[in-house]
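Participant: What would the 3D arrangement of this be:
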Amino acid sequence: MPKINLFTKIVALIIIMLTPILLLYFYSNKTSTDVLREELNKSNTNQLVFFQNEVNTTIDSLAIWPDLLIQDPDIASLRDFFTEMNELSLNTITLIKRIQTKLAIQQNSSKWTSSLHIYSPILHRDITDRDAIMYDDADLKKRLKPGWQVKPVDQGQSEHYVFSRYAVMPYSSYLDPSGANLIIEVQFDSSNIKDMLDKFKSGGQREPFYYMENVGTIFNRSVNKERTELVLSELQAEPLQDMESRTVQVGEEKYMVNIVKSEMIGWYLIDYIPISEIIRPIQKTNQLFYVSMAGLLLLCCTAAYLLYAQVQVPIKRLVIGFQKLKNGDYSVRMKPRGRSEFGFLYTRFNLMVAQIQELFETVYLEKIHVREARLKQLQSQINPHFFYNCFSFISSMAKLEKNEAVVAMSHHLSNYYRYTTRQERDLVAMSEEISFVTSYLEIQKMRMARLHYSIDMPQEMQHLEIPPLMLQPLVENAVIHGIEAWSDASSIRITGEWFEDGARLIVEDDGKGMSAEEMLILQHKMQHQMDENMGCGLWNVHQRMHLRFRGTAGVSFSSSNLGGLKVMITWSTA
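Facilitator: Numbers count the residues shown, from 1 in each chain. Modelled structure (predicted):
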């Protein structure tokens, strides 16, 4: 019987060790796939519900227009005509013009394209925001029904629908249209819904559309109509539920379908996504895992072979370890094997490196703790100054019995307090800081009616993380020293921008500004210890940014094209 050598034993041991890992991975992969599919299903359903609620909210706001307009005095006065007119009098024309102006204002108040029609049975006129024409009374009475009505419109090969809703006086005229003395109709077409579907889809793999049995389908504009109709035909095999999820198969592809019914108009919002798109990342992970396992097996076999190598290999490893230690890599460790002399050397080497690394890590942690303590001390100096101004304003407004200003200030102050009291975090999102500054500016705007401000922040900067209370001191200085101190000043502009190596926040005002010499002196003070004659706001911001991001991070000053001072916070994002 041939003797099995050590190399073969080691390879066999490696294979035995890898086998449970492979089996565990297969089980974990299957579980992860099922969980991912379930969570994605819930997420898609929640997104559909949110989108459906957004559409329903818009439609609901349109639905109340007729009920509101029917109470308008000018529109209600149309019921006071008791004599039919073939020609309109001057007073009637003036009344119609006022009504048309109100209709135009109402239509422009919605982000959807819509139209309002007022039907006067006595005048036999259909009054819109642009015209007042005769209408077919029989056709109107035929269409007059409660709730939303849907009418297909022929536009070539494109499915197009008009949604309409009526309000009548008296309300009983729904049953007897001949008794109506005033009818108001609001209309919108399906292009509005298509716009929202396009926005909801936004270039992804999803294919949202609306469907109503025996009426039709509203697709998004980039839809794969052939595939969508195949999916819809599979869904029609079973009755649609108000909210459900299904898996349907079209050809060789399976799709995950989510359905939510609109309580407002009765249409079903349906969205589907190929399951292959869901599991594609898992498939890539599987491929990477298999390649990694093959590489690991190869490396293990190589390591087994190296056990037969010459004695120079352990010596070379020890030399390499000392070289890495010399270069500052204190994570280097030697792997002792057996009880040979090399094993003893490797063990002693590891103990030595571990002690050195522990010493360096201890010193480094102490430096970090000192820096963090200084950051929190600097941050804590800002809050009392702003609270003092807020409470002073509330006191003044209360004495003047301006209750609305007190309530508004208290509301914004509560937002501020909620923001500052949870600043145990060292970094916050830019969007939170902008929201906080907006509350501050709204407070100052109540104090100074002439104050105007604008915020221009790129969307990609909203997610940047910065130390809290960075922007507020700059804005506060712009208000106090730029706007309040200069009666002709009124504007503050806040801008965010990228540059080659980082980002920049800019606060500008149209106040008196500073001379070049004054800005140079102020910039010099930013670099030195704060004295008793110097405010802590700008200095704190500069010091905190410099401590956090190092390098050239901090506050700088220049003249603004608005006429006042431009203050910039600059830091590197690399």
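
Participant: what is Asp456 paired to in the beta sheet?
Facilitator: Beta bridges link Asp456 to Thr495 when assigned by DSSP bridges.

Participant: For it, give its distance to Lys566.
Facilitator: 14 Å (CB to CB, to the nearest Å). To be clear about C-beta, it is placed using only N, CA and C from the backbone, and glycine gets the same treatment.

Participant: out of the two, which sits in the more crowded spot?
Facilitator: Under the criterion of other CB atoms under 10 Å, the comparison of Asp456 against Lys566 puts Lys566 first, with 20 against 10.

Participant: Can you say which helix or strand has that one in it?
Facilitator: strand 565-572 (DSSP states H and E).

Participant: If we go by neighbour counts, what in that strand is buried?
Facilitator: Of the residues in strand 565-572, Leu565, Lys566, Val567, Met568, Ile569, Thr570, Trp571 count as buried by neighbour count, 16 or more other CB atoms under 10 Å.

Participant: And for stretch 182-192?
Facilitator: For stretch 182-192, using 16+ other CB under 10 Å, the buried residues are Leu182, Ile183, Ile184, Glu185, Val186, Gln187, Phe188, Asp189, Ser190, Asn192.

Participant: what bridges to the fourth one?
Facilitator: With DSSP bridges applied, the residues forming beta bridges to Glu185 are His117, Tyr166.

Participant: which residues sit in contact with it?
Facilitator: Pro66, Leu116, His117, Ile118, Tyr119, Ser164, Arg165, Tyr166 (CB atoms under 8 Å, 6 or more residues apart in numbering).

Participant: Let's see that with 10 Å instead.
Facilitator: 65-66, 115-119, 126, 128, 140, 143-144, 149, 164-168 (CB atoms under 10 Å, 6 or more residues apart in numbering).

Participant: could you measure it against Gly216, distance?
Facilitator: Glu185 is 21 Å from Gly216, by CB to CB.

Participant: now Ser439
Facilitator: From Ser439 to Gly216 the distance is 47 Å (CB to CB).

Participant: Ok, Ser392 next?
Facilitator: Counting by CB to CB, the gap from Ser392 to Gly216 is 63 Å.

Participant: between those two, which one's more packed in?
Facilitator: Gly216 (16 against 10).

Participant: shouldn't that one be in contact with Ser190?
Facilitator: Yes. Between Gly216 and Ser190 there is a contact under CB atoms under 10 Å: 8.9 Å.

Participant: if I look at these two, which residues touch both of them?
Facilitator: Val150, Pro152, Glu159, His160, Tyr161, Tyr210, Trp267.

Participant: Buried members of those into PyMOL, please.
Facilitator: The buried residues among those can be selected in PyMOL (16+ other CB under 10 Å) with this line:
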select buried, resi 159+160+161+210+267
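
Participant: Restricted to strands, list the shared contacts of Gly216 and Ser190.
Facilitator: Those of the shared contacts of Gly216 and Ser190 mapping onto strands are Val150, Pro152, Glu159, His160, Tyr161, Tyr210, per DSSP state E.

Participant: list the contacts for the second one?
Facilitator: Contacts here follow CB under 10 Å, 6+ apart; on that basis Pro152 touches Glu159, His160, Tyr161, Val162, Ser190, Val215, Gly216.

Participant: average model confidence for the longest helix along the chain?
Facilitator: Across the chain, the longest stretch assigned as helix under DSSP state H is helix 6-69. Averaging the model's pLDDT scores along helix 6-69 yields 81.

Participant: name the helices or strands packed onto the next helix or strand after that helix?
Facilitator: Downstream of helix 6-69, the first helix or strand assigned by DSSP H and E is helix 73-76. Here helix 73-76 is seen to pack against helix 6-69, helix 90-108, strand 182-189 when contacts are counted using 3 or more CB pairs under 10 Å, 6 or more residues apart in numbering; DSSP states H and E.

Participant: Tell me which of the ones you listed is the most buried.
Facilitator: The highest mean neighbour count among the helices and strands packed on helix 73-76, using mean count of other CB atoms under 10 Å, belongs to strand 182-189: a mean of 22.

Participant: Now do whichever helix or strand comes after that strand: everything it contacts.
Facilitator: Following strand 182-189 in sequence order, the next helix or strand is helix 191-201 (DSSP H and E). Applying CB under 10 Å, 6+ apart, the set of residues contacting helix 191-201 from outside is 47-48, 50-51, 54-55, 58-59, 62, 110-114, 155, 158-161, 163, 190, 206-210, 218-223, 265, 267, 269, 271.

Participant: so when I look at Arg425, I'm seeing a helix, right?
Facilitator: No. Going by DSSP: H, G, I helix; E, B strand; the rest coil, the assignment for Arg425 is coil, not a helix.

Participant: Excluding residues flanking it in the chain, which one is nearest it?
Facilitator: In space, Arg425 comes closest to Pro468 once its chain neighbours are excluded; the distance is 7.0 Å by CB to CB, 6 or more residues apart in numbering.

Participant: Which helix or which strand is home to Val507?
Facilitator: Applying DSSP H and E, one finds Val507 within strand 502-509.

Participant: what's the angle from that strand to strand 565-572?
Facilitator: Counting by axes from the mean of the first three to the mean of the last three CA atoms, to 10 degrees, strand 502-509 lies at 170 degrees to strand 565-572.

Participant: Quick one: mean pLDDT for stretch 537-552?
Facilitator: Averaged across stretch 537-552, the pLDDT comes to 80.

Participant: Make 480 the first number, not 1, from now on.
Facilitator: Sounds good: first residue 480 from here, last item stretch 1016-1031.

Participant: what bits of the stretch 930-1053 of the chain have low per-residue confidence?
Facilitator: Applying pLDDT under 70 to the stretch 930-1053 of the chain flags the ranges 1008-1015.

Participant: residue ranges of the helices in it, please?
Facilitator: 951-956, 995-1005, 1015-1028 (DSSP state H, counting those that start in this stretch).

Participant: closest one to Ile493 among those helices?
Facilitator: Ile493 sits nearest to helix 1015-1028 of all the helices of the stretch 930-1053 of the chain, at 47.2 Å, using CB to CB.

Participant: Going by contacts, tell me the helices and strands next to the closest one.
Facilitator: helix 820-859, helix 862-878, strand 944-945, helix 951-956, helix 995-1005, strand 1033-1038, strand 1044-1051.

Participant: how about those in JSON lines, adding distance to Met735?
Facilitator: Listed next are the helices and strands packed on helix 1015-1028 as JSON lines, based on distance: least, CB to CB, whole Å:
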{"stretch": "helix 820-859", "distance to Met735": "47"}
{"stretch": "helix 862-878", "distance to Met735": "49"}
{"stretch": "strand 944-945", "distance to Met735": "35"}
{"stretch": "helix 951-956", "distance to Met735": "46"}
{"stretch": "helix 995-1005", "distance to Met735": "57"}
{"stretch": "strand 1033-1038", "distance to Met735": "51"}
{"stretch": "strand 1044-1051", "distance to Met735": "43"}
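
Participant: Out of those, which gets nearest to Lys576?
Facilitator: helix 862-878 (43.3 Å).

Participant: which strands and helices sit next to the next helix or strand after the closest one?
Facilitator: Once helix 862-878 ends, the next helix or strand along the chain (criterion: DSSP H and E) is helix 882-900. Counting contacts by 3+ CB pairs under 10 Å, 6+ apart, helix 882-900 packs against helix 862-878, helix 909-926, helix 951-956.

Participant: Fine by me, thanks again.
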